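Student: sequence-free structure coming up:
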Ligand code: AHG
Ligand code: MN
Ligand code: MN
């Protein structure tokens, strides 16, 4: 009798996907979730699954070392050089970059990578038979590390266009965002979470440090259609286009005395993550000195736009859907307005 009661109360006797949405007590690790997804697609070869698992492994290693920042001199501070985009490189930018490259090259599923921290793409000589390329921002918001604010890793996966068996080419990387096979990010905050999509919704996995596993904690994330939060570096307001200044006026709404809340951390991953879960819009508009904005299409905007659309939100550069932009350069930048659908529409339709 007791056995029957236990049996009835433990949904873990049933296949994983029958209960993930019910927030059961069943622990579903990232690896189990990926494996179950693969099982539901008999045509899948398992290569994308392997790739995602390796990104999860890289994230655990980066997380481990980030948590020591401040204690170990070797990982905190500037690397005393600038990257190809002229930005100061932190030691942890380099470290995270190396970890991701090593994990992806070891995986066997990735024929090459492009990274915010590399001058150009890297083709893996020993992985000519792999099908996927991965683009990433190894450490997003890295200027926040020294003050222990949240940072992240962002990744984007494309199926290669060049023939399997050859070295990957630039053409494999310069694909529009709507061609992504998967995208995601890891946020290293008060806890560490990996959020990803393969085009069938968005799921979030929180790292349980006691067992060293990412466990499903946020199944099928949906962004509220509307909200009253905006995220931007409002200090640049005078340099923004007229319509963005108008949008800021709208948010401050002195007429009805119901201003919107401004929330800005300065780590895209952290600002995006909050808005993804709670609703809101993240803006990085063009300025007079940076007419294409600051954020990178391939490493930041495309993967986040893919996730945001999968979660029911939207992402635009002001005139075009982010995911439909045909890239011409690996490191190209774009203005971005991303988040709850109605708020993004409000931004881009404000005159
Ligand atoms: P990264 O650390 O990868 O260079 O990215 C920093 C980005 C992004 O995370 C953030 O939203 C933005 O820079 C902040 O820029 P401002 O300091 O101009 O607001
Ligand atoms: Mn970044
Ligand atoms: Mn970065």
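Tutor: Done, it's in. These figures come from a predicted structure and were not determined experimentally. Numbers count the residues shown, from 1 in each chain. Ligands and ions are numbered 1, 2, ... in the order given.
Student: and the gap between the nearest residue in space to residue 61 that is not next to it in sequence and residue 63?
Tutor: Excluding the flanking residues, the one nearest residue 61 by CB to CB, 6 or more residues apart in numbering is residue 99, at 5.0 Å. Using the backbone N, CA and C atoms, a C-beta is placed for each residue, glycine as well. According to CB to CB, to the nearest Å, residue 99 and residue 63 sit 10 Å apart.
Student: Flag every residue of the chain that's near ligand 3.
Tutor: 116, 137, 139, 140 (CB under 5 Å from the ion).
Student: one more time with 6 Å, if that's ok
Tutor: Within the chain, the positions near ligand 3 by CB under 6 Å from the ion are 93, 116, 137, 139, 140, 142.
Student: Now, the residues you listed that are in helices?
Tutor: Among these, DSSP state H puts residue 93 in helices.
Student: near ligand 1, which of the residues of the chain next to ligand 3 show up?
Tutor: 116, 137, 140, 142 (CB under 6 Å from any ligand atom).
Student: Please list the members of the residues you listed that lie in strands.
Tutor: Within those, residues falling in strands by DSSP state E are 137, 140.
Student: so can I have TSV of the ones next to ligand 1 among the residues of the chain next to ligand 3 showing distance to ligand 2?
Tutor: Output for those, formatted as TSV (distance: CB to the ion, whole Å):
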residue	distance to ligand 2
116	6
137	4
140	3
142	8
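Student: can you list the ones next to ligand 1 among the residues of the chain next to ligand 3 in CSV and add pLDDT and neighbour count?
Tutor: Formatted as CSV, those follow (pLDDT from 0 to 100; neighbours: other CB atoms under 10 Å):
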residue, pLDDT, neighbour count
116, 97, 25
137, 98, 29
140, 97, 29
142, 90, 23
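Student: TSV for the ones next to ligand 1 among the residues of the chain next to ligand 3, including distance to residue 347?
Tutor: Below are those laid out as TSV (distance: CB to CB, whole Å):
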residue	distance to residue 347
116	25
137	23
140	22
142	27
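Student: of the ones next to ligand 1 among the residues of the chain next to ligand 3, closest to residue 38?
Tutor: When these are compared for distance to residue 38 (CB to CB), residue 137 comes out closest, at 26.6 Å.
Student: Show me what that closest one is bridged to.
Tutor: As for beta bridges, residue 137 partners with residue 154 under DSSP bridges.
Student: what's it in contact with, if anything?
Tutor: 115, 116, 152, 153, 154, 155, 296, 299, 300 (CB atoms under 8 Å, 6 or more residues apart in numbering).
Student: likewise residue 302?
Tutor: 135, 156, 177, 180, 183, 322, 323.
Student: three-state assignment of the closest residue to residue 139 other than its chain neighbours?
Tutor: Closest residue to residue 139 apart from its sequence neighbours, by CB to CB, 6+ apart: residue 96 at 4.4 Å. Assigned state for residue 96: helix (three-state reduction, DSSP: H, G, I helix; E, B strand; the rest coil).
Student: Tell me how many other residues surround residue 192.
Tutor: 23 (other CB atoms under 10 Å).
Student: List the ones among the contacts of residue 302 that fall in strands.
Tutor: Using DSSP E, 135, 156, 180, 183 are the members of the contacts of residue 302 that sit in strands.
Student: Verify the contact between residue 286 and residue 243 for me.
Tutor: No: using CB atoms under 8 Å, residue 286 is not in contact with residue 243; the gap is 11.0 Å.
Student: out of the two, which sits in the busier spot?
Tutor: residue 286 (20 against 14).
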